[in-house]
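> got a sequence here, can you model it:
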Amino acid sequence: MEANAGLVAGSHNRNELVVIHGHEEHKPLKNLDGQVCEICGDEIGLTVDGDLFVACNECAFPACRPCYEYERREGTQVCPQCKTRYKRLKGSPRVEGDDDEEDVDDIEQEFNIEDEQYKHSHLVEAMLHGKMSYGRGHEDEESSHQYPQVIAGGRSRPVSGEFPIGGAHVHGEQMLSSGLHKRVHPYPMSEPGSAKWDDRKEGGWKERMDDWKLQQGSLGPEADDANDPDMAMIDEARQPLSRKVPIASSRINPYRMIIVARLVILGFFLRYRILNPAPDAIGLWLTSVICEIWFAFSWILDQFPKWLPIDRETYLDRLSLRYEPEGEPNMLAPVDIFVSTVDPMKEPPLVTSNTVLSILAMDYPVEKISCYVSDDGASLLTFEALSESAEFARKWVPFCKKFNIEPRAPEMYFTLKIDYLKDKVQPTFVKERRAMKREYEEFKVRINALVAKFMKVPPEGWIMQDGTPWPGNNTKDHPGMIQVFLGHSGGHDVEGNELPRLVYVSREKRPGFQHHKKAGAMNALIRVSAVLTNAPFMLNLDCDHYVNNSKAAREAMCFLMDPQIGRKVCYVQFPQRFDGIDRHDRYANRNTVFFDINMKGLDGIQGPVYVGTGCVFRRQALYGYEPPRGPKRPKMVSCDCCPCFGRKRKEKKYSKHGANGNAAGLEGMDEDKELLMSQMNFEKKFGQSAIFVTSTLMEQGGVPPSSSPAALLKEAIHVISCGYEDKTEWGTELGWIYGSITEDILTGFKMHCRGWRSIYCMPKIPAFKGSAPINLSDRLNQVLRWALGSVEIFFSRHSPVWYGYNRGKLKWLERFAYVNTTIYPFTSIPLLAYCTLPAICLLTDKFIMPAISTFASLYFIALFISIFATGILELRWSGVSIEEWWRNEQFWVIGGISAHLVAVIQGLLKILAGIDTNFTVTSKASDDEDFGELYTFKWTTLLIPPTTILIINLVGVVAGISDAINNGYQSWGPLFGKLFFAFWVIVHLYPFLKGLMGRQNRTPTIVVIWSVLLASIFSLLWVRIDPFVLKTKGPDTKQCGINC
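Numbering: from 1, shown residues only. As a prediction, the model looks like this:
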């Protein structure tokens, strides 16, 4: 995949493909010295002795080790040039026909390490040859008979670009050396230096054999092994990469006891409320009882998934010891990182650039990272900003890694108010930091200039730097676009070191097609990355969530690459943390209660829900595959003479055909045939791309065998075409699931239903940080979008209320949590009624319950004590502060009677009347003044319900107090219950009132509230006393009957 090869734009349906060159200046590339393999075009590589690898000792035909070993294993075992049979070289596996050579190490044959890989790879090759690809040429069709044919649909066409395997069918023809034609072999596409990997392995065969014999007891340990530091390191590397840290029993057990006690008390309380109606206010009593029953049900769904909270620890040093051994190639798994953006005016390019720069500077092997930026708005501004970011990365990335700075987003690093000289010992640090800060400021100016330039669209549309019209001028009708900014052939920093891949992707959009918003964009990224890099793991980030902890990917690998638990983990979710939030977090933007309490509880069951960003996925889980099953317990087998013990040994299926060897061969052929036949529906499942379908079979990742980087880019354009997903399972069973604007909940739910589990990772240094809307109106609109998505899921076929029971793989407490995420918006209806009741009671002089006895009052006292005790103990084991807990309670009421209520109405209109509502992207722009956006007033209809509730409760308080004054002291007793009820509502809506009033010249809001309240009370008292009017005393007209 070559960097700076130009912008590739095209449409598969229209058979169009254009490569736009000249957009960027040519960057000098490093010269690649050394001989090139005549078969695949990769470097030959060197042996352990530093000599050039020679496959054929007769004619020295240039061939790399992977091609040599493949030809010996699958081909005719002869040199393509001189037709001399290849001799077995040191470290190569033994094949049929090899002479016994005592000096050749046979350890690989002893362990039979790669047999399964070869078998699986043979299926992959057959799949690739039997299917079609975009842009198939006719020149290679003759070689298709060399592989078992895969039955494909009528629309299938063969794959182009494979080089036929040399053998009896070649008849001595000279193999051509071409950059566009590569032989298909089961290894991933080789990168420079991959041939050295096999050579390096040779040096350790004897040591590994000794280790194996030591494990089997053949060799006794030496006397000084116990004191050998190397042995201690090996033992450490064998330890688990993570562990569960259960909550201390002294904290969690009282919490569970209080939950049970609260459940019992709640039952007695509801029994009393149902059996004791208010005779003079049946309507108010019935409304309040229905609301309380719903609140109890909602509390159960929210509370019991917190029954088993856990913490986790990771061991990064063990990960390095196991997968990064000194002097050997790095074995950490590759990671494809997805960044999604839509509107550069609401998601500023500078924010997106900081996210991309922090990804490119991660503490992870550069050859293992690929960053894909999805521009779903097809904006030239985003494209130009990404080009500038790629240039700045050449300076920023080596600076970060040289001085090990954190965080690695330049905007956040240079604005941190900390001692940046702490732990820095290099004498050049200060000088280089000043220079880098100046470079970043110049970079910011260039980005700001681009933003200013793109504020007004010219009539003729945008023109690229080389004079070519921008293909995405029409954002609703444009071809797919891919640009590789950084890659292996051009992505080097100023010090000559390799940089991670950086790829710009904008999927094709045409009128009349359903594009499915963010979920469709993410699915397009899955397919593009599978064609170009195909890493086994994927990390997705919003454009405003930068990498705050450069070791975040390593934290995730401690779970995903753990040999004990990793294979059944579908994703690792990190908590969301935010910058730029006011100190008191007025609108609960940090959402700490959810991320630090609810998610820990789910981690102890089947794993946390997916929250849309900061999540590392296993690619196979997104492809709809089920987790691997554990080994079954072997059944006892007996001979024919003892039928009483065990079961009878089954005979070989094909033993009647002859010798055991023939039977095994026929059985193997039958298995291959069954496997190939089972792929008949792959096109219906994954789509019409053979290269992509082939990549889905590679569980460990790696680029599928293909023709060339140019052909891969051509195929990548194919998989992002707007009609690619038609008649496939994308969005229903594969990838991000469609049907809701909160596609994250659905996607995680489907994976948990298949039996996968997820992991919640909370490193001490937050892995990612983002921005959140601190303005009241923006915050309510954000919550509205989440709630509307939950309503859509509730009414869809994937609703957790009724979906997934047949598989039986979703645990019940996990289902409770998912049900709660879909029905919580409906709590807005009883909450709105309950918040209105206090004002009605005060204005009508009635109450929702009759006068209570002393014994009945114990129910209320016990219920309030259990509520407070549950909250306090929850804060104790979770570490959440009481202020954060109280802000969460306040915003639960504010959002419940505003955004959640509107979401329910919009959801019902969409389901019943088909009226769809478009959501707007939350603005990621920040105000120049600290928290200036917090005081900005933006009117929205979401403000109407809370404002109404607040006013009628204030009026009710005033009316109730004035009525009590009129009626004397005997009416103050019943009034206190109503006032407490009303003040409960007002206190919860206090942050809303602060946001509604704005800054108000910094006048404390509490002063304004009490001023209005007291002024109203004193006014009513003044009218009641009326001291300036003389009252004349006279006879009672009712008694005397005189009309005075």
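> show me the contacts for residue 396.
Contacts here follow Cβ atoms under 8 Å, 6 or more residues apart in numbering; on that basis residue 396 touches 357, 360-361, 410, 436, 439-440. Every C-beta, even on glycine, is put in place using the N, C-alpha and C of the backbone.
> in stretch 265-276, what's buried?
Judged by neighbour count using 16 or more other Cβ atoms under 10 Å, the buried positions of stretch 265-276 are 265-266, 269-270, 272-273.
> so which of those residues are in helices?
Using DSSP state H, 265-266, 269-270, 272-273 are the members of the buried residues of stretch 265-276 that sit in helices.
> just put those in CSV and tack on distance to residue 83 and pLDDT.
Formatted as CSV, those follow (distance: Cβ to Cβ, whole Å; pLDDT from 0 to 100):
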residue, distance to residue 83, pLDDT
265, 89, 94
266, 86, 94
269, 91, 93
270, 89, 93
272, 96, 92
273, 94, 91
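> list just the nearest of the residues you listed to residue 752.
residue 266 (28.9 Å; Cβ to Cβ).
> what two of the ones in helices among the buried residues of stretch 265-276 are the furthest from one another?
Across these (Cβ to Cβ), the longest gap, 12.5 Å, separates 265 and 273.
> check the secondary structure at the nearest residue to residue 501 once chain neighbours are set aside for me.
Spatially, and ignoring its direct neighbours in sequence, residue 501 is nearest to residue 370 (4.0 Å; Cβ to Cβ, 6 or more residues apart in numbering). The three-state label given to residue 370 by DSSP: H, G, I helix; E, B strand; the rest coil is strand.
> give me the most central residue, this structure.
residue 615 (3.0 Å; Cα atoms, centre = their mean).
> show me the beta-bridge partners of that residue.
Counting by DSSP bridges, residue 615 forms beta bridges with residue 540, residue 573.
> so how far is residue 766 from it?
Distance from residue 615 to residue 766, counting by Cβ to Cβ, to the nearest Å: 14 Å.
> could you do residue 703 as well?
33 Å.
> the more surrounded of these two?
Of the pair residue 703 and residue 766, residue 703 is the one with more neighbours under other Cβ atoms under 10 Å, namely 24 against 17.
> pLDDT below threshold where in the stretch 301-450 of the chain?
423 (pLDDT under 70).
> please, where are all the strands along the stretch 401-550 of the chain?
Taking DSSP state E, counting those that start in this stretch as the test, the strands found in the stretch 401-550 of the chain are 480-486, 501-506, 537-542, 546-547.
> so for stretch 332-340, what gets flagged as buried?
332-340.
> would you list those in CSV and tack on secondary structure and distance to residue 730?
What follows is these, written out as CSV (DSSP: H, G, I helix; E, B strand; the rest coil; distance: Cβ to Cβ, whole Å):
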residue, secondary structure, distance to residue 730
332, coil, 29
333, coil, 24
334, coil, 23
335, strand, 22
336, strand, 18
337, strand, 21
338, strand, 16
339, strand, 21
340, strand, 17
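> and which of the residues you listed is nearest residue 301?
So of those, ranked by how close each gets to residue 301 (Cβ to Cβ), first place is residue 340, at 31.0 Å.
> quick one: contacts for the closest one?
Applying Cβ under 8 Å, 6+ apart, we find residue 340 in contact with 373-374, 376, 518, 521-522, 525, 540, 542-543.
> checking residue 692 next. Helix, strand or coil?
When the rule is three-state DSSP, residue 692 gets the label helix.
> quick one, what contacts it?
Here residue 692 is in contact with 527, 530-531, 686, 715, 719 (Cβ under 8 Å, 6+ apart).
> check what pLDDT it gets.
Residue 692 is assigned 87 on the pLDDT scale.
> that one and residue 374: what is the separation?
17 Å.
> okay, now residue 628: neighbour count?
Counted with other Cβ under 10 Å, residues neighbouring residue 628 total 11.
> so it touches residue 569, yeah?
No. Between residue 628 and residue 569 there is no contact under Cβ atoms under 8 Å: 11.1 Å.
> domain map for the chain?
35-96, 335-625+731-737+752-770 (the TED database).
> turn the contacts of residue 396 into a markdown table, including neighbour count and distance to residue 804.
Below are the contacts of residue 396 laid out as a markdown table (neighbours: other Cβ atoms under 10 Å; distance: Cβ to Cβ, whole Å):
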| residue | neighbour count | distance to residue 804 |
| --- | --- | --- |
| 357 | 27 | 41 |
| 360 | 27 | 39 |
| 361 | 26 | 41 |
| 410 | 27 | 45 |
| 436 | 21 | 52 |
| 439 | 15 | 53 |
| 440 | 20 | 49 |
